[in-house]
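mind folding the following:
(2 chains)
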Amino acid sequence: MKGWLLHHRQAGAQALRRLASTPLNTLLGALVLGIALALPAGGEMLLANFQRLAQRVAATPQISVFMALDAGRKEVAEVESRLRKHAQTREVRLVPRDETLKRLKESEGLGEVIESLPRNPFPDAFVVVPRAETPELLEAMRAEFAKYPKVEHVQLDSAWVKKLDALLRLARLIVTLLATVLGVALVAITFNTIRLQILTQRDEIEVSRLLGATDAFIRRPFFYFGALQGLAGGLVAWLAVLGATLLLRGPVGELAGLYGIDFSLHILPLADSALLFGLAALLGLAGAWLSLYRHLSH
Amino acid sequence: MIRFEQVGKRYPGGIAALAELTFAVESGEMIVLSGHSGAGKTTLLKLIPAIERPTQGSVIVNGQNVAALKRAAVPFLRRNIGMVFQDQKLLHDRSVFENVMLPLAIAGVATRDAGRRVRAALDKVGLLEREKAMPVALSGGEQQRLAIARAVVARPSILIADEPTAHLDDDTARDIAAMFRAFNQVGVTVLVATHHESLFAPYMTRRITLAHGKVVA
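Residues are numbered from 1 along each chain as shown, chains lettered A, B, ... in the order given. Next comes the predicted model:
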């Protein structure tokens, strides 16, 4: 166990020495990997922000409940009390038919048309602000309200919530695809770097074998090298995304302000940052493994 | 300690480097392997740490048949055999100290113990003052001594050397020969392949002479 730990410490130190001995190569390698990773990481940052914004906006959907034209005062009061008692409603507002008529009469252009009507064509209506947020729950509420007595029609303005949801899903898919493609690129780049490393360390590998080194001993520093290079690439990507976030924060906030939205760009969430570093190291390791398997076997 | 039984080695292409080789080396013995160039001395030495495998017969080292050893077991066999190569195989991007450290790092010796043992080995070959030097800065004789220090630092029970005195002047060559004798005297089994048998004559060692891949004396 102690020997094993010692071997790992030595292998890690050796990998660091090799990285430090060619600073320019190390820097360029980290930049290449970093730029490849910055694309999906940046996409993830934007997506996380957009999702947060969407959640806030989508959290105020409305359900319009229209009564039948022949619904009496009693029935309207009955539905109102049921709506108010419903566990999932946050706010219920009655829009009486007379008020609707009055408002539309005052509106430009429609006034004359409305005047010519023999009687009030508008029903009493309720505007319900639900507590529920998911499309499924909202849909269930719509179905339930539709069954109330003398309720003619229930309108759930969830179509745009669904569209937004679909759009976010699409964006998530694109980011995932991008991450996959560039992840493969990262593996390929590490594969090649490790191949060159193996070539430059030929003598050392041969001598170590003659002195009784196991395959594991010879491979270990290369694994560390791959993982460390991946990690360095992850760091570059993280810094690039951080820089972009800070640069974009001002203009994006301004733009949102013009639309009356209070919004400021957040940096990559902690979980996503951890995922970025973890994946970068893991992919580096995978590239090293493939390269060692290909170039160090007999 | 080492036993060759009917050993034959044929390289691809049909050249027989060794044929029907049978001999034994006792623990603590010192053997001088002589013979003209191409007689098979290097091949014979390479069979002991399984750098080459025989095509016939068996090579027994410490009771193990090296000819049939699994690949994964080879490193552990080699850790018990110190080797001085004809071309030395020093690592030129590492200091004298780090070169000698390598076998201990491979064997997993703790750093503090290892440092002490490296210095002890360097002291034995007279290179203690040069531990920070790079191999290119050493003379031919010093490089050879460095190779010897690396071969003995892990305290192997067997030491094999292929032409360790080639390209050295007489005085240096004598020093090197004496060094092998000194290791032999503390119990290490030594096999030296050399053209300069006379260097080892004072030590009354056993001599095995090869010609065309066979033992002739």
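
excluding chain neighbours, what is closest to B:L69?
Excluding its sequence neighbours, the residue lying closest to B:L69 (Cβ to Cβ, 6 or more residues apart in numbering or on different chains) is B:A50, at 5.8 Å. Glycine gets a C-beta too; all of them are placed from N, C-alpha and C.

does that neighbour count as helix, strand or coil?
Three-state call for B:A50 (DSSP: H, G, I helix; E, B strand; the rest coil): coil.

and what of B:T209?
strand.

neighbours of it, how many?
B:T209 has 16 neighbours, counted by other Cβ atoms under 10 Å in any protein chain shown.

that one touches B:A193, doesn't it?
No: using Cβ atoms under 8 Å, B:T209 is not in contact with B:A193, being 11.0 Å away.

between the two, what contacts are shared?
With contacts taken as Cβ atoms under 8 Å, 6 or more residues apart in numbering or on different chains, the residues that reach both B:T209 and B:A193 are B:33-34.

which SS state does whichever residue of the stretch 151-298 of chain A sits closest to chain B fall under?
Nearest residue of the stretch 151-298 of chain A to chain B, counting by Cβ to the nearest Cβ: A:G212, 3.7 Å away. What three-state DSSP gives for A:G212 is coil.

who's in contact with the worst-scoring helix or strand of chain A on mean pLDDT?
Counting by mean pLDDT, DSSP states H and E, chain A has its least confident helix or strand at helix A:110-116, which shows a mean of 76. For helix A:110-116, contacts defined as Cβ under 8 Å, 6+ apart pick out A:101, A:104-105.

nearest to B:I160 among the residues you listed?
B:I160 has its nearest neighbour among the contacts of helix A:110-116 in A:L104, at 106.2 Å by Cβ to Cβ.

how close does the closest one get to A:A71?
The gap separating A:L104 from A:A71 is 19 Å, by Cβ to Cβ, to the nearest Å.

more neighbours: the two, which one.
Higher neighbour count among A:L104 and A:A71: A:A71, with 19 against 14, using other Cβ under 10 Å.

surely that one and A:A125 touch.
No: here A:A71 does not reach A:A125: they are 10.6 Å apart, not a contact under Cβ under 8 Å.

poorly predicted segments of chain A, please.
Chain A contains residues with pLDDT under 70 at A:1, A:57-60, A:108, A:158-161, A:298.

and chain B, split by domain according to the record?
Here the domain parsing of chain B from automatic domain parsing is B:1-80+B:156-217, B:91-154.

what would those look like in JSON lines with mean pLDDT?
Putting the domains of chain B into JSON lines (pLDDT from 0 to 100) gives the following:
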{"stretch": "domain B:1-80+B:156-217", "mean pLDDT": "91"}
{"stretch": "domain B:91-154", "mean pLDDT": "93"}
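
present those as TSV; the columns should include distance to A:F217.
Shown next, in TSV, are those (distance: least, Cβ to Cβ, whole Å):
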stretch	distance to A:F217
domain B:1-80+B:156-217	8
domain B:91-154	6
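
can you pull the phi/psi pair for the residue of chain A positioned farthest from its centre?
Centroid-distance maximum for chain A: A:P118 at 54.3 Å, with Cα atoms, centre = their mean. Dihedral pair for A:P118: phi -70, psi -30, per degrees, to the nearest 10.

quickly note the distance from it to chain B.
According to Cβ to the nearest Cβ, to the nearest Å, A:P118 stands 99 Å off from chain B.

now swap in A:A87 and tell me
67 Å.

what about the closest residue to that residue other than its chain neighbours, how many residues nearby?
Excluding its sequence neighbours, the residue lying closest to A:A87 (Cβ to Cβ, 6+ apart) is A:R131, at 7.7 Å. Other residues near A:R131 come to 13 when the count uses other Cβ under 10 Å.
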